[in-house]
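Student: Could you look at this predicted model? Sequence included:
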Amino acid sequence: MEGLKMMPLNVLECALCLPQYYYGALLGLGFVAYYLIDVVKIPLLVCAEGPFYDFLTDNLPILRNRFWPTLWCFEARAQTIFASVVRAKMMPRMKYRREMLTLSDGGEVALDWAEENSNPSSPVIIILPGLTGASQAEYIKCLIYAAKSLGFKCVVFNYRGMGGIKIKTPKLYCASACEDLAEVIDHISELHPQVPIGATGISMGGLLLGNYLAQYGTKAIGKLRAALIISVPLNLFEATKSIEKPYLNLILNKHLCFNLQRILRRHVPKEGFPNLDLNEIYKCQTVREFDQHFTARHFGFKDADDYYASATLHDKLHLIEIPVLCLSAADDPFQPLHVTPLKEIRNSRNVAIIVTPRGGHIGFLEGVWPLGEEQYIGKMLSQFFTAVFTLGKEHPAFS
């Protein structure tokens, strides 16, 4: 004790604080080790052996590089939320040339064309937003930035009631109703008969695109060269279970349900649509409840499960007749790796999936500070469609 009392105060303080610095250093080293060993990995490619597999491995350098998710937000929900916030701050409002397309039943949709850096012979990419998205959604602008840097022409398909337009008929949209998309694709094909056309769908947009390809089968050949679908819940039954898990997933679920109700309030008059109880719909707390009380009844399904059986893609992949590349994250709240239909994809001739170790839902943020205009989803689109449009029908994958 005498020795302790004689020790200078600053030396004693250092001795007492040393363990804190020591444990802090250990904690930091442990975090870095975890990040390097468990988080940073080369993406998983699942595809049947054959021409499409060879096409992807030969032409997508991104497959050989490790995915480095943003160090400070690599958790699934953090990626999902911060990706939206960061991109919204980073991406300015996109300028489009708007074309209003009247559909065969009198309904109306908006086609927003991004044509900067393109010419009449430029390939066209049709972009389908997510469930509540439109042409100014931040992830859409990421894709368009990547496409226009290569001279590609893009057109965003804004669904009925989306993109700031009012509905002309008492009908909205859902993941299994492909009639509107079929008319849009036919219209764009007629406008650009001599150039190759591809399509990209994000989340529900990818589900809608996949359903179109499955329903139309060989009829889609010649209309679309290939498709890229991003963060798509291929198995809707498993996706619904996953997004209903407490607590963070359920919060995202409720937020999405609120946005769906907001869209409905914007377009549906107080007297409502036929056979719909708006009061019941506006009480819904989850997407499943919304689909049960609105989507299923609005589109003539018995219930939400009947709608999901029609809209799910995991059991229809074998019907797709053009090359389709899926991009997903192993920790996507809507489709974690353990419910991703890898077996069905491996048995499909024309469908492949790239799964990054992290990335959330439409996240895929990478780097220390992900503020650059070049985003992972944009790089994926660039590499895939550059190869698709360059090699064209000459490659066995497209024959």
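Tutor: The structure has been received and is ready for your questions.
Student: Spell out the residue ranges of the strands in the stretch 1-150 of the chain.
Tutor: If DSSP state E, counting those that start in this stretch is used as the criterion, the strands of the stretch 1-150 of the chain fall at 44-46, 97-102, 108-114, 124-128.
Student: Among those, pick out the one with the most neighbours on average.
Tutor: The densest packing among the strands of the stretch 1-150 of the chain, expressed as mean neighbour count by mean count of other Cβ atoms under 10 Å, is seen in strand 124-128 with a mean of 26. Using the backbone N, CA and C atoms, a C-beta is placed for each residue, glycine as well.
Student: Contacts for that strand, please.
Tutor: Outside strand 124-128, the residues within contact range by Cβ atoms under 8 Å, 6 or more residues apart in numbering are 140, 143-144, 147, 152-157, 181, 184-185, 188, 192, 195-202, 205-206, 208-209, 224, 381, 385.
Student: what do you get for stretch 209-218?
Tutor: So stretch 209-218 is contacted by 128, 175-176, 178, 181-182, 185, 199-201, 220, 224, 227, 229, 232, 234, 311, 313, 316-317, 319-322, 324 (Cβ under 8 Å, 6+ apart).
Student: ok, back up a step: of the strands of the stretch 1-150 of the chain, which is nearest residue 274?
Tutor: Taking Cβ to Cβ as the measure, the strands of the stretch 1-150 of the chain were each checked against residue 274, and strand 108-114 came out nearest at 19.9 Å.
Student: Also compute the angle for the closest one relative to strand 97-102, please.
Tutor: For strand 108-114 against strand 97-102, the angle between stretch directions is 160 degrees (axes from the mean of the first three to the mean of the last three Cα atoms, to 10 degrees).
Student: so what does strand 108-114 touch, helix or strand wise?
Tutor: strand 97-102, helix 138-148, strand 153-158, helix 179-191 (3 or more Cβ pairs under 8 Å, 6 or more residues apart in numbering; DSSP states H and E).
Student: Distance to residue 396 for those - can I get that in CSV?
Tutor: Below are those laid out as CSV (distance: least, Cβ to Cβ, whole Å):
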stretch, distance to residue 396
strand 97-102, 35
helix 138-148, 26
strand 153-158, 27
helix 179-191, 24
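Student: For residue 35, which of those is the nearest?
Tutor: Minimum separation from residue 35 across the helices and strands packed on strand 108-114 (Cβ to Cβ) falls at helix 138-148, 24.2 Å.
Student: Number of residues surrounding residue 208?
Tutor: Residue 208 has 29 neighbours, counted by other Cβ atoms under 10 Å.
Student: okay if I get the strands of the stretch 1-150 of the chain as CSV plus mean pLDDT?
Tutor: Conversion of these to CSV gives the following (pLDDT from 0 to 100):
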stretch, mean pLDDT
strand 44-46, 98
strand 97-102, 98
strand 108-114, 98
strand 124-128, 98
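Student: Which stretch among those strands approaches residue 264 most closely?
Tutor: Checking the strands of the stretch 1-150 of the chain against residue 264 by Cβ to Cβ gives strand 108-114 as the closest, at 17.5 Å.
Student: what's the closest of the strands of the stretch 1-150 of the chain to residue 276?
Tutor: Relative to residue 276, the nearest member of those by Cβ to Cβ is strand 108-114, separated by 21.1 Å.
Student: Run the angle between that closest one and helix 138-148 for me.
Tutor: Between the axis of strand 108-114 and that of helix 138-148 there is an angle of 50 degrees, by the same axes, to 10 degrees.
Student: Ok, which of the helices and strands packed on strand 108-114 comes nearest residue 242?
Tutor: Comparing the helices and strands packed on strand 108-114 by their distance to residue 242 (Cβ to Cβ), the top pick is helix 138-148, with 20.3 Å.
Student: residues in contact with the closest one?
Tutor: 83-84, 87-88, 90-91, 94, 114, 116-118, 125, 127, 129-130, 133-134, 153-154, 156, 200, 202, 230, 362, 373-375, 377-379, 381-382, 385.
Student: Which members of the contacts of strand 124-128 are classed as buried?
Tutor: The neighbour-count test (16 or more other Cβ atoms under 10 Å) marks 140, 143-144, 147, 152-157, 181, 184-185, 188, 192, 195-202, 205-206, 208-209, 224, 381, 385 as buried among the contacts of strand 124-128.
Student: Surely residue 117 is in contact with residue 151?
Tutor: Yes - when contacts are counted by Cβ atoms under 8 Å, residue 117 is listed as touching residue 151 (5.2 Å).
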